[in-house]
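>>> need coordinates for the following:
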Amino acid sequence: MNKFRTIIKYEWLNFRADKGLLLITLLTLITGLYGIYYGTTEISRQRQHLANLSKITAHDVENMKVQFPGEADAGDVGYYHSTFAVNHPDSWASLSLGQRDINPYYIKLRLLNLQSQLYDSDNINPLKVFTGNFDLAFVLIYLFPLFIIGLSFNVFSIEKEQGTLPLLLSQPINLSLIVAAKLSFRAFIVLGLAVLLSLTGMFWAQVVPDSRIVLWLGAIVLYCLFWFAVIFLVAALQKSSAFNAITLLGIWLLLTMVIPALLNVYVALKKPVPQALALTIKQREVVHGGWDKPKEETMNKFFSLYPQWRDTTQIKERFVWRWYYAFQHLGDVAVADLAKDYQNRLKERQQLVENLNVLSVPVNVQGMLNALTGTDLLAHLAFMQSATRYHDALREFYYPFLFNQVAFTHNDYAKEPQHSFTSTPQISLVWSGYYKLALSFLFTFIVGLFIFKIRFLNLK
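Residues are numbered from 1 along each chain as shown. Take a look at the predicted model:
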């Protein structure tokens, strides 16, 4: 133990004297703080925007009251009045933005057909790699490995290049103890900085403290240890520092860019997802065709879905709102299977990514953190389903006015349903990611240990 401490002490002195390592550490710290700042700023902007939506809705109601000073036709109100389905961020969202900067976090809704409103502002690109933005998760997953490589690429080779290896081997010190001490010192620095940034990010974002603190820190620690296992494996080959640096950068490039890109192409080919635009076009064709169909045909189809309104007054006018909203809803019904298929294909693609991300540890950990903070694709799909239920609630609210021909008063605005949605973490996906991350770490470490023992015997 004294020998271990002695090596640690000299590693600390060397670290303090090396301005290059100190600069790399400082830059990593600054980059991490910027990632925290960016994430919290983005979520604060989204929260402010969502808070303003309630003011916009209230202002819209006031305008409606001015436009219809007395009793109004509910059809006019449903057509001109708009409200919002909102996806409030979890308190953890700023640590890993996930897809909140890709997909809409609010949807403007009216009583018209639903699907075109759901995807009017849908910016999702199914061919986009799920990496998120420059937040804390990005720094920890994609930049920290470079920090680890910069600290440790010559952890053993430098002894050979400086000619101190024969001297070390002549001492009563086990070579494995030397390597373990050197790597332990660097792991202490890296893990300390990673935990410091994580706790700072949690404090800055004012996260609700729960079991996710342990899950987040555990994932980050295990991820960093995986990269130290990679360092150990390459160092065990006992090559030059230049070889180690190039090899480690190649591994980083392979795991963070090449494999994710190949997986992305494979997933896109294996699980093709039609663009939402095709869905909305099909729906608009059905809705526009509703103008030319006999009203009796339209209403019979509608009444087969809502028999409780069958006994309402027969439509004789050229235009009436209840007929208009009936064929608007039939447009949704006509593409219901397409909408369900679109959602299912996105889920299938996500599941395929979950099955294959064991091939790329960074992608696996990114998915873990997105699932932990409620910013993954499943969270967005849950929001879309919630918005669909909200639109159903709006229809159920307006239909009695429309079909019973009841006037809509100013007091009825306050009775209109409101929407609020906050995603929940996918803890099961996090545990699944832990399992794959642990396997990746153990496999890499065992291979490195096997190579190290063989090479160590050759040295003797």
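>>> give the helix, strand or coil label for Ile315.
Put simply, Ile315 is coil when judged by DSSP: H, G, I helix; E, B strand; the rest coil.
>>> run a quick neighbour tally on Lys340.
Neighbour count of Lys340, defined by other Cβ atoms under 10 Å: 10. Heads up, the C-betas are built off the backbone N, CA and C, glycines and all.
>>> ok so it is a helix residue?
Yes - Lys340: assigned to a helix according to three-state DSSP.
>>> continuing past the strand or helix carrying Tyr38, what's the next helix or strand?
For Tyr38, the element it lies in under DSSP states H and E is helix 19-67. The helix or strand immediately downstream of helix 19-67 is helix 74-80, counting by DSSP H and E.
>>> rounded mean pLDDT for that next one, please.
Over the span of helix 74-80, the pLDDT mean works out to 93.
>>> likewise for stretch 260-268?
On average, the pLDDT along stretch 260-268 is 91.
>>> show me how far it is from its chain's centre.
The chain centroid and the centroid of stretch 260-268 are separated by 17 Å under Cα atoms, centre = their mean, to the nearest Å.
>>> buried set for that stretch?
Neighbour-count burial for stretch 260-268, counted by 16 or more other Cβ atoms under 10 Å, picks out 260, 263-264, 267.
>>> now do the helix holding Tyr38: distance to the chain's middle.
Using Cα atoms, centre = their mean, the offset of helix 19-67 from its chain centre is 16 Å.
>>> for it, name the packing helices and strands.
For helix 19-67, the helices and strands in contact under the criterion 3 or more Cβ pairs under 8 Å, 6 or more residues apart in numbering; DSSP states H and E are helix 2-17, helix 74-80, strand 83-88, strand 106-109, helix 136-138, helix 144-152, helix 175-205.
>>> okay, the ones you listed in a markdown table with distance to Phe408 next?
Formatted as a markdown table, those follow (distance: least, Cβ to Cβ, whole Å):
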| stretch | distance to Phe408 |
| --- | --- |
| helix 2-17 | 73 |
| helix 74-80 | 4 |
| strand 83-88 | 14 |
| strand 106-109 | 17 |
| helix 136-138 | 47 |
| helix 144-152 | 58 |
| helix 175-205 | 43 |
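>>> would you list the ones you listed in TSV and tack on distance to Ile36 and mean neighbour count?
Shown next, in TSV, are the helices and strands packed on helix 19-67 (distance: least, Cβ to Cβ, whole Å; neighbours: other Cβ atoms under 10 Å):
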stretch	distance to Ile36	mean neighbour count
helix 2-17	25	13
helix 74-80	43	20
strand 83-88	20	22
strand 106-109	25	19
helix 136-138	5	28
helix 144-152	14	22
helix 175-205	4	18
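>>> for these, which one sits closest to Asn355?
helix 136-138 (21.4 Å; Cβ to Cβ).
>>> that closest one - contacts with which helices or strands?
If you count contacts as 3+ Cβ pairs under 8 Å, 6+ apart, helix 136-138 packs onto helix 19-67, helix 175-205, helix 361-373.
>>> what's in contact with it?
32, 35-36, 39, 94-97, 131-132, 197-198, 201, 366, 369-370, 373 (Cβ atoms under 8 Å, 6 or more residues apart in numbering).
>>> is it true that Asn103 lies in a strand?
No - under three-state DSSP, Asn103 sits outside any strand and is assigned coil.
>>> that one: what's its closest spatial neighbour, skipping adjacent residues?
His380 (4.6 Å; Cβ to Cβ, 6 or more residues apart in numbering).
>>> same question, Gly75
Trp321 is the one closest to Gly75 (Cβ to Cβ, 6+ apart), at 2.4 Å.
>>> now do the phi/psi pair for the residue nearest in space to the middle of the chain.
In the chain, the residue lying closest to the centroid (Cα atoms, centre = their mean) is Gly98, at 2.5 Å. The phi and psi values for Gly98, taken as degrees, to the nearest 10, are phi 60, psi -120.
>>> so is the nearest residue to it once chain neighbours are set aside in a helix, a strand, or just coil?
Nearest non-adjacent residue to Gly98, counting by Cβ to Cβ, 6+ apart: Thr375, 2.8 Å away. With three-state DSSP as the basis, Thr375 sits in coil.
>>> any idea how far Thr375 is from Ser304?
Per Cβ to Cβ, to the nearest Å, Thr375 is found 41 Å from Ser304.
>>> same question, Thr31
60 Å.
>>> quick one, helices of the stretch 351-460 of the chain?
Secondary structure of the stretch 351-460 of the chain (DSSP state H, counting those that start in this stretch): helices located at 361-373, 377-403, 427-459.
>>> any chance of CSV for these, columns mean neighbour count and mean pLDDT?
Below are the helices of the stretch 351-460 of the chain laid out as CSV (neighbours: other Cβ atoms under 10 Å; pLDDT from 0 to 100):
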stretch, mean neighbour count, mean pLDDT
helix 361-373, 27, 96
helix 377-403, 19, 94
helix 427-459, 15, 89
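>>> now distance to Pro145 too, for these, in JSON lines please.
Output for these, formatted as JSON lines (distance: least, Cβ to Cβ, whole Å):
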{"stretch": "helix 361-373", "distance to Pro145": "8"}
{"stretch": "helix 377-403", "distance to Pro145": "25"}
{"stretch": "helix 427-459", "distance to Pro145": "13"}
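>>> so which of these comes closest to Val287?
helix 377-403 (14.8 Å).
>>> which secondary structure elements does that closest one sit against?
If you count contacts as 3+ Cβ pairs under 8 Å, 6+ apart, helix 377-403 packs onto helix 74-80, strand 83-88, strand 106-109, helix 115-119, helix 321-334, helix 336-356, strand 421-422.
>>> thanks a lot, see you next time.
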